[in-house]
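J.: The amino acid sequence is not available; the structure is as follows:
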């Protein structure tokens, strides 16, 4: 994490600027595009009859903007497309329209480090009452832009956070709800967060109920053992930040094992980190109350490599804030 | 189902009247109470930042109004209270206020056979960022009233519907998301509905992934074998309609077995029915394409007893439509 000071100082400078802008631009605190209308995020409302609310029947994706550029935007749009196909949803905009609308909304907000949500919901028609054959699907799309979200505050990242292996709740199995379709059905993940808080922690790792670690409440979990990375193959989101971690590891010659991760490995690991678009690579230095020492060398390599990718043109999409 | 004609004729008469009222009262198609404001249901909107949408972090309950009276309203309010405690939600209204607001909203709508949803959501504060100790929870409540919903159309009930045992999806296990807390995280149940439709049916029964039947997409499932009822004890909603079924069975001297229900029992059962507030006791006469014969004698006894309860004062709450 040799680059940490530089990365965070840049962020803090832009944050200070964003706070100033907030007094001039009502969208600088967040913006939403709903039914063609742009509104400040805090005023944005959706129909209560949307099945996206009434049965959480939706999928979504979360690209992030860092230092004025979208990161791996195409990968997020690819995954959103795959999720929609699996759920039999048809976004009411074509992919290039979604892309353009997202770029425009970010530009209008002026937010240079942003958390972006593109949500496709079932709309008014409950799956129980399908449309007549050939009729339009009438699914909805909502696009939200807000200041960058840190699952682990950036001030904590040099030291690492404290995680627990949840013991009162297990992860929903993929045979019930497919975690590769990004969803907002967080019942198990919310229970995990509550248990973690009860135990003085913030970061639960959920098991599959069969002796393996899956993922946490919005992040994949990676264990480092004998110089190699280990992370769960099944029962988890196929994270795009996780993919970046794999890319950095490959370039650095660090082996990656994508397989079942026995719970015992969590306790035997030399290093642990979590990864997600909302916070990047987040070191864990305490597990179930036991110290794992300081942030380890492999975590540091991954951390630096991950943030360096944000400045490589092949991973980034410019936003035209002048428009 | 000796009383079926009478029950349904009364309903159809009131429906015709409701359609007339619809031209005079905009709430007759449905009404919502959101943040103290009453609106027609189809115009009702909620903040997109409600965690009830953003993480489906909510619970709810569904009392029904039949022939101008709420049925087992206290039982629904009791369960809502229990669900809130389990999820650490505090409704922003006291129980008697919720009760009164619901009665008023139904009265204003003029709907005499209604499906009512009382939804308590986390509000703006994500579980990951808990309120300071002693601060108010700031959870939200939404109340919806709409014309009675039939999970099985009443025209189909004399003949019974066709169910399938889902084979592409299992029910979420209670160790992941507790089904006794009524929730709108329908990922598995939606997959079940899609599979059922693909197989030419409408009613999936989901297994627990361990050889037992649990429940369907919004209904408990009851099997009749050798004169006794069998229904799942674990991994299911503790249905209030199911409770009514137990009450009728007890009065009629029909034994009830609340236990694991092996999948094989579904195929060996003499009769099958589903039960839910949105439709009552709903006979199944075909399973996985195999006919089970006509609606059976025990199903008929339960059906009649269930609807007779709707006219017993101890189970009903008057609504003052004159107010």
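T.: That came in fine, so what should we check first? What you are looking at is a predicted structure, and each value in this text was computed from that prediction instead of being measured.
J.: measure residue A:101 to residue B:282 for me?
T.: Distance, residue A:101 to residue B:282, using Cβ to Cβ, to the nearest Å: 43 Å. For the C-beta atoms, the positions are set from N, CA and C on the backbone; glycine is no exception.
J.: Same drill for these two, tell me which one is more crowded.
T.: Legend: neighbour count by other Cβ atoms under 10 Å in any protein chain shown for residue A:101 and residue B:282, higher for residue B:282 (28 against 17).
J.: sec struct for the more buried one, please.
T.: State at residue B:282, reduced to three classes by DSSP: H, G, I helix; E, B strand; the rest coil: strand.
J.: correct me, but residue A:232 touches residue A:213?
T.: Yes - with contact defined as Cβ atoms under 8 Å, residue A:232 reaches residue A:213; the gap is 6.2 Å.
J.: list residues touching both of these two?
T.: Counting by Cβ atoms under 8 Å, 6 or more residues apart in numbering or on different chains, the residues touching both residue A:232 and residue A:213 are A:221, A:261.
J.: Got the confidence number for residue A:23?
T.: Residue A:23 carries a pLDDT value of 81.
J.: And it, its phi and psi?
T.: The phi/psi pair for residue A:23 (degrees, to the nearest 10) reads phi -80, psi -20.
J.: Over to the one 3 residues further on?
T.: Backbone torsions for residue A:26, taken as degrees, to the nearest 10, come to phi -60, psi -20.
J.: before we move on, what about residue A:313?
T.: Torsion angles, degrees, to the nearest 10, at residue A:313: phi -50, psi -30.
J.: burial measure for it, as a count.
T.: Quick note: residue A:313 (other Cβ under 10 Å) scores 8 neighbours.
J.: what sits against the closest residue to residue A:30 other than its chain neighbours?
T.: Nearest non-adjacent residue to residue A:30, counting by Cβ to Cβ, 6 or more residues apart in numbering or on different chains: residue A:41, 3.0 Å away. Contact partners of residue A:41, counting by Cβ under 8 Å, 6+ apart, are A:27, A:29-32, A:144-146, B:48-49.
J.: cool, residue A:29 as well?
T.: By Cβ under 8 Å, 6+ apart, the neighbours of residue A:29 are A:22, A:40-42, A:146-147.
J.: Now do the phi/psi pair for the closest residue to residue A:55 other than its chain neighbours.
T.: Spatial nearest neighbour of residue A:55, excluding adjacent residues (Cβ to Cβ, 6+ apart): residue B:186 at 4.0 Å. Here is the backbone geometry of residue B:186 (degrees, to the nearest 10): phi -100, psi 20.
J.: list the contacts for residue B:186?
T.: A:55-57, A:185, B:217.
J.: so for stretch A:237-250, what's the average pLDDT?
T.: 98.
J.: Flag every buried residue along that stretch.
T.: The neighbour-count check on stretch A:237-250 (16 or more other Cβ atoms under 10 Å in any protein chain shown) flags A:237, A:239-242, A:244-249 as buried.
J.: Next: stretch A:310-323.
T.: By 16+ other Cβ under 10 Å, the buried positions in stretch A:310-323 come out as A:310, A:315-317, A:319.
J.: who touches the lengthiest helix in chain A?
T.: The longest helix of chain A (DSSP state H) is helix A:4-22. The contact list for helix A:4-22 (Cβ under 8 Å, 6+ apart) reads A:28-29, A:67, A:110-113, A:147-148, A:154, A:157-158, A:303, A:307.
J.: One more pass at 6 Å, please.
T.: Residues from elsewhere that reach helix A:4-22 (Cβ atoms under 6 Å, 6 or more residues apart in numbering or on different chains): A:28-29, A:110, A:112-113, A:154, A:307.
J.: Same check on stretch A:144-151?
T.: Residues contacting stretch A:144-151 (Cβ under 6 Å, 6+ apart): A:30-32, A:41, A:105-106, A:109, A:111, A:113-117, A:218-219, A:276, A:278-279.
J.: Could you check which residue of the stretch 201-323 of chain A lies nearest chain B?
T.: Closest contact between the stretch 201-323 of chain A and chain B, by Cβ to the nearest Cβ, is at residue A:209 (5.9 Å).
J.: So which residues on chain A come close to chain B?
T.: A:44-48, A:53, A:55-57, A:127-128, A:170, A:172, A:175-177, A:184-188, A:190, A:193, A:209 (Cβ under 6 Å from any Cβ of the partner chain).
J.: Show me the helices in the stretch 101-250 of chain A, by range?
T.: A:187-198, A:240-252 (DSSP state H, counting those that start in this stretch).
J.: Burial check on residue A:212, number of neighbours?
T.: 20.
J.: now swap in residue A:45 and tell me
T.: By other Cβ under 10 Å, the residues close to residue A:45 number 16.
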